[in-house]
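J.: how would this look folded up:
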Amino acid sequence: MTHDDVPTGPGGTSPGPSAVRPDAHSAGPADSRSSDGGGAEAPDPTVAVLPVDLAGAARTLFGDRLDIAAAYAELLATDGVVRGLIGPREAPRIWDRHLLNCAAVAERIPEGVEVLDVGSGAGLPGIVLAIARPDLAVTLVEPLARRTSFLIEAVERLGLGGTVRVFRGRAEEAATGSTGLAPLRADVVTARAVAPLDRLAAWCLPLAVPNGRLVALKGASAAEEIAEHAAAVAKLGGGEPAVHRCGVGVIDPPTTVVEVVRERLVGRARAAAGKRSQGGRSRRR
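T.: Reported below is the predicted structural model:
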């Protein structure tokens, strides 16, 4: 998610959960209006050009998939702005504030695992991680129709359909599943600018497999947030939160993340686990 598009939680209006795969028929009509309800002119795509001083970091983080990252940057700075998913003032800072900031988190994710990106919004960090790490199987969890429409189109246009899918629904719906749809579980659950750590743990830890991890992108106040919410996280089955700085020596400033391991099943999660014969994990290759 972007700092301009922060909901009060992964809620929002939704007709119910649905697992949506990117194809030309499922995307629906484009939302061409800005977030304030007014019309928006098509932005200049040149604002998304990779700055020379960031080229080295971008090559380090994206490698031979840098061209895909560049295509996503242009998509965010154009369609993302028009649809109100990225603030117009953010467009010139797509690379440093968003793409590189998110890509650095890949160093905290093991090879070949399942990733759920909660409150994905415009695809940050989920799409960025899928670009930087094609070994990952990524599910973008987002409840709002206009955002899921953008995500589906972005996945298709960027050629990521083999490793990325979009789930329209709230985090709670993803965790419990519904008729014909198994609960979603992943080795790593990511979130960016979604909520304070206590609420974030309540939404995200049930989506992690036992000993899986919540990896939350946070700001400079991460340590203070841990001190305030560590007890609540423990009650939710999480281990002691830890702060990590990603991209040290590559980007400045590094990305700050808070990691929480799901050590125990608690409450309804324990009961649900006892009833299921198998989880909702499936490889998409």
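J.: how about the strands in this protein?
T.: 18-20, 114-118, 137-142, 164-168, 186-192, 208-218, 242-246, 255-261 (DSSP state E).
J.: and the second one, what's its mean pLDDT?
T.: Per-region confidence: strand 114-118 scores 98 on mean pLDDT.
J.: can I have it written out in CSV, keeping just the CAs?
T.: Output of strand 114-118 as CSV, limited to C-alpha atoms (Å, rounded to 0.1, in the frame of the first residue of the first chain):
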residue,chain,number,x,y,z
GLU,A,114,4.2,-18.8,-0.3
VAL,A,115,3.6,-15.1,0.4
LEU,A,116,0.3,-13.3,1.3
ASP,A,117,0.3,-9.5,0.9
VAL,A,118,-2.5,-8.2,3.1
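J.: got any ranges where the protein has weak pLDDT?
T.: 1-42, 178-179, 267-285 (pLDDT under 70).
J.: in it, which spans are helices?
T.: Secondary structure of the chain (DSSP state H): helices located at 55-62, 66-75, 81-82, 100-103, 126-132, 145-157, 171-176, 197-204, 222-235, 268-275.
J.: pretty sure Pro134 is touching Thr163, no?
T.: Yes: Pro134 lies in contact with Thr163 (Cβ atoms under 8 Å); the separation is 6.1 Å. In this view, the C-beta of every residue, glycine as well, is placed from N, C-alpha and C.
J.: before we move on, back to that, nearest to Leu54, of the strands of the chain?
T.: strand 255-261 (14.1 Å; Cβ to Cβ).
J.: tell me which residues are up against that closest one.
T.: Counting contacts by Cβ atoms under 8 Å, 6 or more residues apart in numbering, the residues outside strand 255-261 that touch it are 101-102, 104-105, 108, 197, 201, 205, 211-220, 222, 225-226, 233, 238-239, 241-247.
J.: whichever of the residues you listed end up buried, select them in PyMOL.
T.: Buried members of the contacts of strand 255-261, defined by 16 or more other Cβ atoms under 10 Å, are picked up in PyMOL with:
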select buried, resi 101+102+104+105+197+201+205+212+213+214+215+216+217+218+222+225+226+233+238+239+241+244+246+247
